[in-house]
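[1] sequence first, then the predicted structure, then my questions.
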Amino acid sequence: MELVNYTLKWVWDSLDEVLKDNPDVCSCEQCRYDIACMAINRLKPNYVVSKHGQVYAKIKMLSQQAPTDILTEVVKAVEQVRKNPHHLE
Ligand SMILES: [Zn+2]
C-alpha cells in the first residue's frame, strides 16, 4: 500500500498543458520540477490510498481533471520560472 498525493498528479497534468500553451517557457527537467515544486507547496494535498499502483474507492469521487485552483497555481509558478529560471545556461 502507498499514499499517493493526487494533487501532485494534477499539478503534472496541468503543467504539461500550460507548457504546451507557452512554448517560450523552458521545459527542461530543472524548470519543470521548479514549477511543480512551487505549485504543490501552495496547494492543499489530496492523498488517496493506492495498492499495487492502483487507486481505489476515493478516486472516483475526485475529478480526473485538475480543479481550477491547481491550474491557477501552476500558471503562477510558470510565470515565476519564466522570469527567473534556475537552470544553468
Ligand atoms: Zn530550464
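    Everything's here; your move. Numbers count the residues shown, from 1 in each chain.
[2] buried residues in stretch 4-16, which are they?
    Of the residues in stretch 4-16, those scored as buried under the neighbour-count criterion (16 or more other CB atoms under 10 Å) are 4, 6-15. Just so you know, the C-beta spots here come from the backbone N, C-alpha and C atoms, and that holds for glycine as well.
[3] what packs against whichever strand or helix holds R82?
    Following DSSP states H and E, one finds R82 within helix 68-83. Under the contact criterion of 3 or more CB pairs under 8 Å, 6 or more residues apart in numbering; DSSP states H and E, helix 68-83 touches helix 6-21, helix 29-42.
[4] only C-alpha atoms, please: export the shortest one in PDB.
    Taking C-alpha atoms only, helix 29-42 is exported to PDB below (Å, rounded to 0.1, in the frame of the first residue of the first chain):
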ATOM      1  CA  GLU A  29      13.800  19.000 -16.200                       C
ATOM      2  CA  GLN A  30      15.000  21.600 -13.700                       C
ATOM      3  CA  CYS A  31      12.400  24.100 -14.700                       C
ATOM      4  CA  ARG A  32       9.600  21.600 -14.800                       C
ATOM      5  CA  TYR A  33      10.500  20.400 -11.200                       C
ATOM      6  CA  ASP A  34      10.800  24.000 -10.000                       C
ATOM      7  CA  ILE A  35       7.300  24.800 -11.400                       C
ATOM      8  CA  ALA A  36       5.800  21.600  -9.900                       C
ATOM      9  CA  CYS A  37       7.500  22.300  -6.500                       C
ATOM     10  CA  MET A  38       6.300  25.900  -6.300                       C
ATOM     11  CA  ALA A  39       2.700  24.900  -7.200                       C
ATOM     12  CA  ILE A  40       2.500  21.900  -4.900                       C
ATOM     13  CA  ASN A  41       3.700  23.800  -1.900                       C
ATOM     14  CA  ARG A  42       0.900  26.300  -2.300                       C
END
